[in-house]
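[1] quick one: sequence plus predicted model below, questions after.
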Amino acid sequence: MWYIAVFALYLLFIVYTSLASLRKVESLSDFTTGGHRMGLMIGVGTSVATWVSVASVMGVPGYLYSSGVAAIIGWVAGWFFGTALIPIVAYKVRRPKSPARTFPEFIQFRYEPLKKKSHLRTLVAALMVVGYFIFTHLQVVGFGIVFSSITGIKYEIAIFAFLIFLIFTSIGGFWSVAVTDSVNTVLIIIGVVLGAFAVLSATGGFANIFDTLATTTAPTIEGGESLSKGILLTPAGTFGLGALFSIFISNSLGAAVSPHWVSRMLAPKSVKVAIMQMMISMVLLVAIFVPLIIIGLGAKTLIPSMPIGQTTDYIMPMVIMNFAHPLVGAMTLVALCAAAVSTANSMLLHAGTSLYYDIYQNIFKNKKKSEKNSRNNLRLTVYILGVLAVLSAVKPPVLLAMGFTYVYAGFGAAFFFVVYLGLYWKRMNALAAYTNIIVGTSVFIIAKMMGATNPFVIALCISFVGVLIAIYVGKKPPVEAYEPYFEVEVSENTEAAIREVRNEEIIVEKMKPAKIGNG
Amino acid sequence: MAVTLWIWVIVVILGLSIGTFLLYKIEKSGVERWGASGKLFK
């Protein structure tokens, strides 16, 4: 009863905030990046809520349970390292007077600003649709696990409840996502802290948890292979050093250039706010991850082995429902739903925006549409993608945290040099960007299929060689491509190029031939 | 256990240091549009 009541209250909150935020949406820019006027506090709220997904609140405790403290290095330290690197992106990408509205638009501004139709932008947007669809799919899986645990409804049916949340969170665009995210952050912090206290109380404290981890040989799944004694407290855990390094580096370097984080850095009202947003978020995230680590490690004491037929992603709801007071349990499980909803709505917005704004509108530039029409089409796109994500989640193929690692590794392989060299080296050109994306993605997929231990590092190294060759073989980029990221004020030509890319209805003087930069 | 926690702590300290250094660079630039206000953390 507690569970249903708290859950119903959470749904009411989502409905109210989503409808209220509709008033803030006035333009397409408002819908996609909040009009580049986001303040610090709401920025922190939305960053933390987007950061904390089902991979963090369910997947990480699952890996702590099965592989021990090594999961802290692979996922927690990996993601934090990625977060540490994001301000380096923010420092440059938020500089322009007219920042890009989406990641693919940034790619066109930086690499093909003089082209009416940018194939590079379309390519990037297509990769984003795939990546964010997978991310959304994973959130739906997490949501389904929690919702079926609370209600007792079969998982395959429970995932459809996600659509109720989606109806409301998709109508307000960025502001709806940002406002609901901020409250979700508070819910997540309260929920996981209460959950950790419940686990500490049920286990008898830290000493008992460490004793169990040091001595247990209980298999992760009933009837499975027994664990080696003490392995759950070793730095490499059950992974081995090579695999753990692969997970760490994919989560860190991949997360740092993931399009949703680059887009998030476009929304704050200044560069400084963007950087401080990530610094404060990092501190708050510590307050979320300490309880999650306690819950994940403590679970081994409370439930030595998982029942056959359930993955370790179920460990968090299982522990909470069996060992916490119903009110505490309800608040913790609503926090898990909040993590799923807040990340899913953000990911769906990225996938939908990429599909409609960066692919459809980029290809059919001549079809004039009103802002209202565009917003409605974007809402419809987001909703259709959400329905497809729910349908795809009926039979989940991978564990939540590992699914995130794969997508981050793919994004890192495709975009690492595109983002960092693009922002810090004037000579980085369009050919090198194509090289990074095509070579990086292809090598990553091939290496993964061949069973390489570290496909991400292989893809990064090979694409780096390709990028360097392309930089020196290809044409130097035009001034319009890099000026906004290297100069305080930009030339009229650059401003005109930005307006052209956006198809803005301003009379633009015929542009002079592009100057070639010195690099 | 201690090794894993230390790696995490070092990463957090690194993140805060990188952020502070970049905020200092913004202040040094004096560009108001970027957020330069005369105070490092404001």
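    Nice, thanks for sending it over. Numbers count the residues shown, from 1 in each chain, chains lettered A, B, ... in the order given.

[2] how far away is the one residue sitting closest to the centre of chain B from residue A:281?
    Chain B has residue B:19 as the residue nearest its centroid, 1.8 Å off, counting by Cα atoms, centre = their mean. To residue A:281, residue B:19 is 10 Å away according to Cβ to Cβ, to the nearest Å. To be clear about C-beta, it is placed using only N, CA and C from the backbone, and glycine gets the same treatment.

[3] which residues in chain B form strands?
    Taking DSSP state E to define them, one finds no strands in chain B.

[4] what residues does it have near chain A?
    Selection of chain B residues close to chain A by Cβ under 8 Å from any Cβ of the partner chain yields B:1, B:3-5, B:7-8, B:11-12, B:14-16, B:18-20, B:22-23, B:25-26, B:29, B:31, B:33-37, B:41.

[5] selecting buried members of those residues in ChimeraX, what would you type?
    To isolate the buried members of those in ChimeraX, using 16 or more other Cβ atoms under 10 Å in any protein chain shown:
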select /B:1,4,5,7,8,11,12,15,16,18,19,20,22,23,26,31,34,35,36
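
[6] which ones are touching the nearest residue to the residue nearest to the centre of chain B once chain neighbours are set aside?
    Closest residue to residue B:19 apart from its sequence neighbours, by Cβ to Cβ, 6 or more residues apart in numbering or on different chains: residue A:279 at 4.0 Å. For residue A:279, the contact set (Cβ atoms under 8 Å, 6 or more residues apart in numbering or on different chains) comprises A:87, B:15, B:16, B:19, B:20.

[7] make sure residue A:279 is indeed in a helix.
    Yes - Residue A:279 forms part of a helix when assessed by DSSP: H, G, I helix; E, B strand; the rest coil.

[8] residue A:230 and residue B:10, how far apart?
    Applying Cβ to Cβ, the value for residue A:230 to residue B:10 is 24 Å.

[9] residue A:479 now?
    Shown here: residue A:479 relative to residue B:10, a distance of 40 Å by Cβ to Cβ.

[10] put the alpha carbons of the strand or helix carrying residue A:12 into CSV.
    Assessed by DSSP states H and E, residue A:12 sits inside helix A:2-21. This file holds the C-alpha atoms of helix A:2-21, laid out as CSV (Å, rounded to 0.1, in the frame of the first residue of the first chain):
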residue,chain,number,x,y,z
TRP,A,2,2.8,2.4,0.9
TYR,A,3,4.5,1.6,-2.4
ILE,A,4,1.4,2.4,-4.5
ALA,A,5,0.6,5.6,-2.5
VAL,A,6,4.1,7.1,-2.8
PHE,A,7,4.2,6.1,-6.4
ALA,A,8,0.9,7.8,-7.1
LEU,A,9,2.1,11.0,-5.5
TYR,A,10,5.2,10.9,-7.7
LEU,A,11,3.1,10.6,-10.8
LEU,A,12,1.0,13.6,-9.7
PHE,A,13,4.2,15.6,-9.3
ILE,A,14,5.4,14.7,-12.7
VAL,A,15,2.0,15.7,-14.3
TYR,A,16,2.0,19.1,-12.4
THR,A,17,5.6,20.1,-13.2
SER,A,18,5.4,19.1,-16.8
LEU,A,19,2.2,21.1,-17.4
ALA,A,20,3.6,24.1,-15.5
SER,A,21,6.8,24.1,-17.5
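
[11] mind giving me the packing neighbours of it?
    Judged by 3 or more Cβ pairs under 8 Å, 6 or more residues apart in numbering or on different chains; DSSP states H and E, the packing partners of helix A:2-21 are helix A:119-151, helix A:162-169, helix A:173-203, helix A:326-353.

[12] lowest-confidence stretch among those helices?
    Lowest mean pLDDT within the helices and strands packed on helix A:2-21: helix A:162-169, at a mean of 78.

[13] off-centre distance for that one?
    Distance, stretch centre to chain centre, for helix A:162-169: 19 Å (Cα atoms, centre = their mean, to the nearest Å).

[14] other SSEs contacting that helix?
    Identification of packing neighbours for helix A:162-169 by 3+ Cβ pairs under 8 Å, 6+ apart yields helix A:2-21, helix A:119-151, helix A:173-203, helix A:326-353, helix A:371-392.

[15] list the buried ones in the shortest one?
    What that stands for is helix A:2-21. Under the neighbour-count criterion of 16+ other Cβ under 10 Å, helix A:2-21 has A:3, A:6, A:7, A:10, A:11, A:13, A:14, A:15, A:17, A:18, A:21 buried.

[16] what is the nearest of the residues you listed to chain B?
    For chain B, the nearest member of the buried residues of helix A:2-21 is residue A:21. The distance, counting by Cβ to the nearest Cβ, is 25.0 Å.

[17] pull out the buried residues from whichever strand or helix holds residue A:417.
    Residue A:417 belongs to helix A:400-424 when elements are defined using DSSP H and E. Neighbour-count burial for helix A:400-424 flags A:400-423 (criterion: 16+ other Cβ under 10 Å).

[18] how about the residues of chain A by chain B?
    Residues of chain A lying near chain B (Cβ under 8 Å from any Cβ): A:69-70, A:72-73, A:76-77, A:80-81, A:83-85, A:87-88, A:90-91, A:94-95, A:97, A:210, A:233, A:235, A:270-273, A:275-276, A:278-279, A:282-283, A:286, A:488.

[19] can you classify residue A:153 by secondary structure?
    Three-state call for residue A:153 (three-state DSSP): coil.

[20] for the closest residue to it other than its chain neighbours, which residues are in contact?
    Once flanking residues are discounted, residue A:153 sits nearest to residue A:147: 7.1 Å by Cβ to Cβ, 6+ apart. Taking Cβ under 8 Å, 6+ apart as the criterion, residue A:147 is in contact with A:153, A:158, A:159, A:161, A:162, A:337.

[21] at 10 Å instead, please
    Residue A:147 sits next to A:3, A:7, A:153, A:155, A:157-162, A:317, A:333, A:336-337, A:340 when contact means Cβ atoms under 10 Å, 6 or more residues apart in numbering or on different chains.

[22] equivalent analysis for residue A:144, please.
    By Cβ under 10 Å, 6+ apart, the residues touching residue A:144 are A:54, A:153-162, A:340, A:390, A:393-394, A:396.

[23] please apply the same query to residue A:186.
    A:45, A:48, A:49, A:335, A:338.

[24] one more: residue A:253?
    Counting by Cβ under 10 Å, 6+ apart, residue A:253 touches A:78, A:81-82, A:85, A:408-409, A:411-413, A:416, A:420, A:456-457, A:460.

[25] switch those over to JSON lines; also include pLDDT and distance to residue A:246.
    JSON lines is the format used below for the contacts of residue A:253 (pLDDT from 0 to 100; distance: Cβ to Cβ, whole Å):
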{"residue": "A:78", "pLDDT": "96", "distance to residue A:246": "10"}
{"residue": "A:81", "pLDDT": "97", "distance to residue A:246": "14"}
{"residue": "A:82", "pLDDT": "96", "distance to residue A:246": "15"}
{"residue": "A:85", "pLDDT": "97", "distance to residue A:246": "18"}
{"residue": "A:408", "pLDDT": "94", "distance to residue A:246": "11"}
{"residue": "A:409", "pLDDT": "95", "distance to residue A:246": "8"}
{"residue": "A:411", "pLDDT": "96", "distance to residue A:246": "15"}
{"residue": "A:412", "pLDDT": "97", "distance to residue A:246": "11"}
{"residue": "A:413", "pLDDT": "97", "distance to residue A:246": "12"}
{"residue": "A:416", "pLDDT": "97", "distance to residue A:246": "15"}
{"residue": "A:420", "pLDDT": "97", "distance to residue A:246": "20"}
{"residue": "A:456", "pLDDT": "95", "distance to residue A:246": "6"}
{"residue": "A:457", "pLDDT": "95", "distance to residue A:246": "7"}
{"residue": "A:460", "pLDDT": "96", "distance to residue A:246": "11"}
